[in-house]
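Student: Compute the structure for the input listed below.
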Amino acid sequence: MRVDKYIQSAIDYLRAGDLRQAENIFRKVLKLQKNNPAAVHFLCIISFQLKNYDSAIRYGREAVKNDPKDADAWFTLGNAYRETGDFDKAISSYQKVLGLNSRLVDVHYNLGTIFQDQKRFDEAIACYREALRLNPRDIDACYNLGLTFYQQGRPDEALSCYQKALQINPGLAEVLNNIGDIMQERGQADEALSCFQKALQINPGLSDALNNTGNILREKGRLDEAVRYFKKALQINPDFDMALANLGTTFYHKGDLDSAIECFHRALALNPTQAVANVGMSFIMLKQGNFSEGWKSYEWRWKTKEKNLRPYDIPLPEWDGSPLAGKTIFVYGEQGIGDEIMFASCLPDLIARAGLCIVVCEKRLVPIFARSFQGCKVIEHFEPRDVYPSVLPPADCKAAIGSLPGFLRPDLPAFAKRKAYLVADPGRVELWHERYSMLGKDSLKVGISWQGGGRPYDRLSRSTVLEQWAGLFPLKGVDYINLQYGDCKEALARAKETLGVTIHDWADADPLTDLENFAAQIAALDLVISVDNSTVHMAGALGVPVCALLPFAGDWRWMLRREDTPWYPSMRLFRQTVPEKWDDIFDHVYELLRKNTGSDLPIDIWSDY
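Tutor: Here you go, the predicted structure:
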């Protein structure tokens, strides 16, 4: 049989889908006619389809050597290089193709996927855009363009691409899931949940959408439902470490620490760098008093997607606990007001060690910190956070304020026994004393705050309504002072009308705008009673007696089963014994108040109840 008849026979088998028979015949051709261009060309393509990538590369090289203008061979060669991870040669091969024919959509798309994987996002975007210019209905290019925009931190443009992809094909569950991700990051929880649910209607087995739905439900406080969704995701994908970490976090919020630990351990066995699981374990270890290990795992917070973190990437080495004598350390607050206040308890220790301590904090805290920590320079947060301000003295190292306890609080005995470490403005404190004395000289002045939590779940679990405080209000000899931040005029008016209590409020007392005045207001009180929010931190840091009302699954900083806290010696903890039930707590607080009314002595928060 002549060579051309062999080749035609092989092509017929190839068209019929019999790749093996076609391959065998083309190899016979090469035995008859070494380096036959047609046989080499087709063996390159067949080898790739059979996933014999090394053979595809070998034949591809021969094919383009025979015919440098063989675009198909260059394309297949590029694909084979991509599969073997030789991306530089893959890029070079694709660019050869485009030099021969710039209108090949698949080449632009494949080139884009390599650039995307290499985080060369601008080049990837250019490739996907060109693919879409050539074929506006190329749904893969549209989807990947959206994904690249999202990875580059351009969610609006990503959303536009995803919406266009849905116009082409409304049944794309993965696209709906990705739109939900964007909605969730924007804080549009209901819209996000709707997207995830639509994705699951199309593909009930989409584990990412199940996991994301669980996250939304947990944030909404629907913990039992969240558990079910995470478990469904894990039934589909038992090795889904993120779902395991999220399930563990949900058990943590339920107060089921044993189940949480099991989930975190399973997640970390699959992926030791699973940030959420590492942080979850840090919370549990800190709760249990294992500070030395807990603080180490707490550093994984930087690897999570927590929005409330504020890193400073200025070019300074991280402080490693080494001696600071004669050196300058740059310390930056990284989380919310309450965290900045609590971790600031480490600053006196640091100031004693360092030549100079520069502290960057929330603007409202600057005057309080400057007065309280006179051995350091205090400034407000600044942008950009990757450039060291030239107006500051040169620094030798930096530290996030939340990282200081890892070096300064390795165990309980290392916690400072200071009654207070913040100092309110004495003049303002005196003005508040005068205001309070006008309410009655002999009554207890008790500040109250009844709502807290930044995230939706925290607000649900930590917050109360004034009606739940009603049992305290009839007590004689107590004047109640409003410490609740935000607009609460309606709640105060309703309490006066329905509960018969006047909770005293002043227009100039607004912690959201003036923490100096707020600190002085608290410092002039006899007692603070508050749910877990920044108010308890401010009161504890000022050394004012404070009763902190904690939900059943309290935050890690309050540890387990303790009535005291090493962070604030003037604080007493009152814990829910049943989730969402506050009655017992208010009964105990009532007894404490009752035993302290009518006395000239300072209030005793440790009175038996």
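Student: remind me which residues of this protein are low pLDDT?
Tutor: Within the chain, the segments meeting pLDDT under 70 span 1, 10, 609.
Student: The nearest residue to Gly333 once chain neighbours are set aside and Lys489, how far apart?
Tutor: Among residues not flanking Gly333 along the chain, Glu340 sits closest, at 4.0 Å (C-beta to C-beta, 6 or more residues apart in numbering). Yep, even glycine has a C-beta here, placed from its N, CA and C like the rest. Distance from Glu340 to Lys489, counting by C-beta to C-beta, to the nearest Å: 28 Å.
Student: Who are the contact partners of the residue nearest to Gly333?
Tutor: Neighbour list for Glu340: 333, 361-362, 365, 401 [criterion: C-beta atoms under 8 Å, 6 or more residues apart in numbering].
Student: With Arg228 instead?
Tutor: By C-beta under 8 Å, 6+ apart, Arg228 lies in contact with Gly214.
Student: Tell me how far it lies from Gly85.
Tutor: For Arg228, the distance to Gly85 - C-beta to C-beta - is 40 Å.
Student: and what of Val478?
Tutor: Distance, Val478 to Gly85, using C-beta to C-beta: 72 Å.
Student: Ok, Ile358 next?
Tutor: Plainly put, Ile358 is 46 Å away from Gly85 if you go by C-beta to C-beta.
Student: just Arg154 next, same as before
Tutor: Separation of Arg154 from Gly85 (C-beta to C-beta): 28 Å.
Student: Between the two, tell me which one has more neighbours.
Tutor: When neighbours are counted by other C-beta atoms under 10 Å, Arg154 and Gly85 differ, and Arg154 comes out ahead with 16 against 8.
Student: For that one, give me phi and psi.
Tutor: phi -120, psi 70 (degrees, to the nearest 10).
Student: my read: Asn79 touches Asn110, true?
Tutor: Yes - in this structure Asn79 lies within contact range of Asn110 using C-beta atoms under 8 Å: 6.8 Å.
Student: Now the common contact residues for those two.
Tutor: Common neighbours of Asn79 and Asn110 (C-beta under 8 Å, 6+ apart) are Ala90.
Student: Can you give me the neighbour number for Arg258?
Tutor: Check again: residue 258 is Asp, not Arg. For Asp258, the neighbour count with other C-beta under 10 Å is 9.
Student: contact partners of the helix or strand containing it?
Tutor: When secondary structure is defined by DSSP states H and E, Asp258 falls within helix 257-270. Here helix 257-270 makes contact (C-beta under 8 Å, 6+ apart) with 239, 241-242, 244-245, 247-249, 251-252, 274, 276-278, 280-281, 284, 287.
Student: how does it look with 7 Å?
Tutor: With contact meaning C-beta atoms under 7 Å, 6 or more residues apart in numbering, helix 257-270 is reached by 239, 241, 244-245, 247-248, 251-252, 274, 277-278, 280-281, 284.
Student: quick one: which of those residues sit in helices?
Tutor: Using DSSP state H, the subset of the contacts of helix 257-270 located in helices is 241, 244-245, 247-248, 251-252, 277-278, 280-281, 284.
Student: Restricting to C-alpha, output stretch 573-591 in CSV.
Tutor: In CSV, the C-alpha atoms belonging to stretch 573-591 read as follows (Å, rounded to 0.1, in the frame of the first residue of the first chain):
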residue,chain,number,x,y,z
LEU,A,573,-18.4,38.8,83.8
PHE,A,574,-22.0,37.6,83.7
ARG,A,575,-22.6,34.8,81.3
GLN,A,576,-25.7,33.4,79.7
THR,A,577,-26.3,29.8,80.9
VAL,A,578,-28.8,29.2,78.1
PRO,A,579,-28.4,30.7,74.6
GLU,A,580,-30.5,33.9,74.0
LYS,A,581,-31.7,33.9,77.6
TRP,A,582,-30.8,37.0,79.6
ASP,A,583,-33.2,36.7,82.6
ASP,A,584,-30.7,35.0,85.0
ILE,A,585,-28.1,37.6,84.2
PHE,A,586,-30.4,40.5,85.0
ASP,A,587,-31.5,38.8,88.2
HIS,A,588,-27.9,38.6,89.3
VAL,A,589,-27.1,42.2,88.3
TYR,A,590,-30.3,43.3,90.2
GLU,A,591,-29.0,41.7,93.4
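Student: Let's verify the most centrally placed residue in the chain: helix, strand, or coil?
Tutor: Of all residues in the chain, the one closest to the mean position by C-alpha atoms, centre = their mean is Glu306, 1.7 Å from it. Under DSSP: H, G, I helix; E, B strand; the rest coil, the three-state class of Glu306 is coil.
Student: Please report how far it lies from Leu166.
Tutor: Glu306 is 30 Å from Leu166, by C-beta to C-beta.
Student: repeat for Cys397
Tutor: 50 Å.
Student: ok, the residue nearest to Arg572 when sequence neighbours are not counted - contacts?
Tutor: In this structure, Arg572 finds its nearest non-sequential neighbour in Ile605, 4.4 Å apart by C-beta to C-beta, 6+ apart. Applying C-beta under 7 Å, 6+ apart, we find Ile605 in contact with 545, 547, 572, 592.
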